[in-house]
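Engineer: Need coordinates for the below:
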Amino acid sequence: MTQKAQNPVEQAVWDALTEVMDVEVGVSIVDLGLVYKVIVSGDRAGVDITTTSPSCPVHVSMAEEVRQVILRKVPSLSEVEVQVVRDPLWTPERMSEAAKNLLGGG
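Structural biologist: Residues are numbered from 1 along each chain as shown. Reported below is the predicted structural model:
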């Protein structure tokens, strides 16, 4: 899934997020459309993510993995805040074409 980043650090965050996999389907959270927003300001980043289901039990561990991956891959950032949001609810239409094809929905 191609993202249009505002600057190189924001692009580095999006690139790092492609390494975070949904544990149930083995597809990146970017390709699944689970990343709603990335904002970088100075040495801080804010990321809004969601889960495929509001009752998903891994939202806390996924948010921490997102935070750790970004801090590891984007050394210019000193703080990353990850919020798990429920609005709007995730739908399969948010998936990249590659993810839809892989999961049989394309």
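Engineer: quick one: least confident helix or strand in this structure?
Structural biologist: Ranking every helix and strand in the chain by mean pLDDT, DSSP states H and E puts helix 97-102 at the bottom, with a mean of 91.
Engineer: Name the residues of that helix that are buried.
Structural biologist: If you call a residue buried by 16 or more other Cβ atoms under 10 Å, then helix 97-102 has these buried ones: 99-100. The C-beta positions use only the backbone N, C-alpha and C, and glycine is treated the same way.
Engineer: so how far is that helix from its chain's centroid?
Structural biologist: Remark: helix 97-102 is offset 16 Å from the chain centroid, using Cα atoms, centre = their mean, to the nearest Å.
Engineer: list the buried ones in the longest helix along the chain?
Structural biologist: Scanning the chain for the helix with the most residues, using DSSP state H, yields helix 59-73. By neighbour count on 16+ other Cβ under 10 Å, the buried set for helix 59-73 is 59, 62-63, 65-67, 69-70.
Engineer: What of stretch 37-56?
Structural biologist: Here stretch 37-56 shows 38, 40, 45, 47-52, 56 as buried, counting by 16+ other Cβ under 10 Å.
Engineer: Format those residues as TSV; extra columns: distance to residue 28, pLDDT and secondary structure.
Structural biologist: Output for the buried residues of stretch 37-56, formatted as TSV (distance: Cβ to Cβ, whole Å; pLDDT from 0 to 100; DSSP: H, G, I helix; E, B strand; the rest coil):
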residue	distance to residue 28	pLDDT	secondary structure
38	14	97	strand
40	19	97	strand
45	18	98	strand
47	14	98	strand
48	16	97	strand
49	12	97	strand
50	14	95	coil
51	14	92	coil
52	13	89	coil
56	16	83	coil
